[in-house]
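**Student:** build me a structure from this.
(4 chains)
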Number of protein chains: 2
Amino acid sequence: MPIAPGRGPLYVQVRERLIERIAEGLWQPGQPLPSEIMLAEEFGVSQGTVRKALDALAADNLVVRHQGKGTFVATHTPQRELFHFFHLVGQDGAKQMPVTRRLLSCGQRRAERDEAVRLGLAANAHVIEIKRLRDMGGEPAILETIVVPARLFPGLSEIDALPNELYHLYEEGYGVTIHKAVEDIRAVAADRQAARVLGVDLGAPLLAIDRLAETLDGTPVELRMSLCDTRAHAYLSEIV
Amino acid sequence: MPIAPGRGPLYVQVRERLIERIAEGLWQPGQPLPSEIMLAEEFGVSQGTVRKALDALAADNLVVRHQGKGTFVATHTPQRELFHFFHLVGQDGAKQMPVTRRLLSCGQRRAERDEAVRLGLAANAHVIEIKRLRDMGGEPAILETIVVPARLFPGLSEIDALPNELYHLYEEGYGVTIHKAVEDIRAVAADRQAARVLGVDLGAPLLAIDRLAETLDGTPVELRMSLCDTRAHAYLSEIV
DNA sequence: GAGTGGTCTAGACCACAGA
DNA sequence: CTGTGGTCTAGACCACTCT
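**Tutor:** As a prediction, the model looks like this:
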């Protein structure tokens, strides 16, 4: 389908059409897009215009380009998840992979009111809640509570061995690709459960990271509250 | 000076040459760069190559481009400072300008050992320390301690009325442009001074934001520790 | 060798700002 | 009207991957 004139710059329109197709799953994560020449023919624009659209998608981490091979829809590798979506670092500033020490609970329940609102669900919709304790450098450091809509992840609560990095599982097992997230960070006092599992005093200061993650089309799909002991680690934010 | 061949892509070399000139102050903040055509002639490349270099600089917030007017070295307006370097938001997610309620102290002293290391100073170099209490929405919310090398900011400690946004003053008054910053975020317990001025209990959880800010050439020039009451506000981190 | 993305050029035309 | 950046094209050549 060639692109109609008069709706703003061509490369922006091409970019939007490509985003639509990726969002609707026409090209799956890890799969190649058609070549620049093919896309240029299809849209009735020059190769340079397609290139500009694809470069913009690459800058937004939507696709990955490989010289000599092609352009591929971005996937959630553990590396990408660690460097892009995980921000706790040790004293030396180096990132470490957080390791699940213990699965505290995992099951289905009704959504709380604010959960339903933030996830865009009906008031009494079912959600799956996963609670787990994660280590950093061999010591317990993060108490993590994850809430997702049950409808999007059938059977998730029955999986015995949840992987360390859930976003890869979301993508491979359920066709849900996390694209962006917003984190609200606060300091809170440790409650009884947090104090017990993290090995800190009741009322000790903890970092509370409240994340809402969305797919490419803006649908919110995951709530994640992380309570972190920041005596040995810190949340790193780079402002460029 | 035309660009020599064989050192990688031309537009990268052009970009680096332009960064050098901006860093050394050849073009001051707010001033226009030569036009694309002029730069292309000088470097002996095509206009398209210069354009690609300038677009990259614009993406890094180093220059601002205005159709019909020209390309200008980026400046620190209060807006930019608020949206780019300040991350506390209210319950509704809206940013508010923090207002200085009280200047607690301001003076010169010797650098602590870790301050000297992080700022790249000699062990006994002089630094200026500014301590102030800032409001968010009319309530005290941030206890801020700023440490800068005295050599770079002569007379800063004698200014009566420090502005709300220091980075604009650094740029205008001292020719120091902050370009990037790294923030380490932790949860800490309120000490006596913090508890008193912020109006919280002794030991209450506070967010501690430890910022090291650098100029374009990578010289560290400011240490800033912010202790924040996050009962009414949160640190916002967007992951795209 | 064929196909891919990466770089570079030259030129046309458009949109906008300012004298 | 001139000069600026913004868009779009067509084509050349390079670097890389795979067969």
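**Student:** so what's the residue most central in space within chain A up against?
**Tutor:** The structure's chain A has its C-alpha centroid closest to residue A:178; by Cα atoms, centre = their mean the separation is 3.8 Å. Applying Cβ atoms under 8 Å, 6 or more residues apart in numbering or on different chains to residue A:178 gives the contacts A:76, A:85, A:167, A:170, A:171, A:213, A:214, A:215, A:221, A:222. Any C-beta I mention is one placed from the backbone N, CA and C, and that applies to glycine too.
**Student:** cutoff 7 Å now
**Tutor:** Going by Cβ atoms under 7 Å, 6 or more residues apart in numbering or on different chains, residue A:178 touches A:76, A:167, A:170, A:213, A:215, A:221, A:222.
**Student:** where helices are concerned, which of those residues count?
**Tutor:** A:167, A:170 (DSSP state H).
**Student:** so which of the contacts of residue A:178 is the closest to chain B?
**Tutor:** Nearest to chain B among these: residue A:213, at 8.3 Å, using Cβ to the nearest Cβ.
**Student:** returning to what we had before: what would the contacts of residue A:178 look like in TSV with distance to DNA strand C?
**Tutor:** Below are those laid out as TSV (distance: Cβ to the nearest atom of the strand, whole Å):
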residue	distance to DNA strand C
A:76	21
A:167	25
A:170	27
A:213	28
A:215	24
A:221	29
A:222	31
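**Student:** measure the residue nearest to the centre of chain A to residue B:239 for me?
**Tutor:** In this structure, residue A:178 and residue B:239 are 9 Å apart, going by Cβ to Cβ, to the nearest Å.
**Student:** cool, residue A:30 as well?
**Tutor:** 21 Å.
**Student:** kindly report the same for residue A:211.
**Tutor:** Counting by Cβ to Cβ, the gap from residue A:211 to residue B:239 is 8 Å.
**Student:** helix, strand or coil for residue A:11?
**Tutor:** At residue A:11 the chain is in helix, as set by DSSP: H, G, I helix; E, B strand; the rest coil.
**Student:** so where is chain A shaky, pLDDT-wise?
**Tutor:** A:1, A:4-6 (pLDDT under 70).
**Student:** repeat the analysis, applying 80 as the threshold.
**Tutor:** Counting by pLDDT under 80, chain A contains low-confidence residues at A:1-7.
**Student:** need the strands for it, in chain order.
**Tutor:** Across chain A, reading from the start of the chain, the strands by DSSP state E fall at A:63-66, A:70-73, A:88-89, A:99-110, A:126-136, A:139-149, A:178-189, A:205-215, A:220-228, A:234-239.
**Student:** burial count for the closest residue to residue A:34 other than its chain neighbours?
**Tutor:** Once its chain neighbours are removed from consideration, residue A:34 has its nearest residue in residue A:42; the separation is 7.4 Å (Cβ to Cβ, 6 or more residues apart in numbering or on different chains). Close neighbours of residue A:42, defined as other Cβ atoms under 10 Å in any protein chain shown, add up to 15.
**Student:** with residue A:80 instead?
**Tutor:** Neighbourhood size, residue A:80 [other Cβ under 10 Å]: 16.
**Student:** next one: it from residue B:93, what distance?
**Tutor:** For residue A:80 relative to residue B:93 (Cβ to Cβ), the value is 27 Å.
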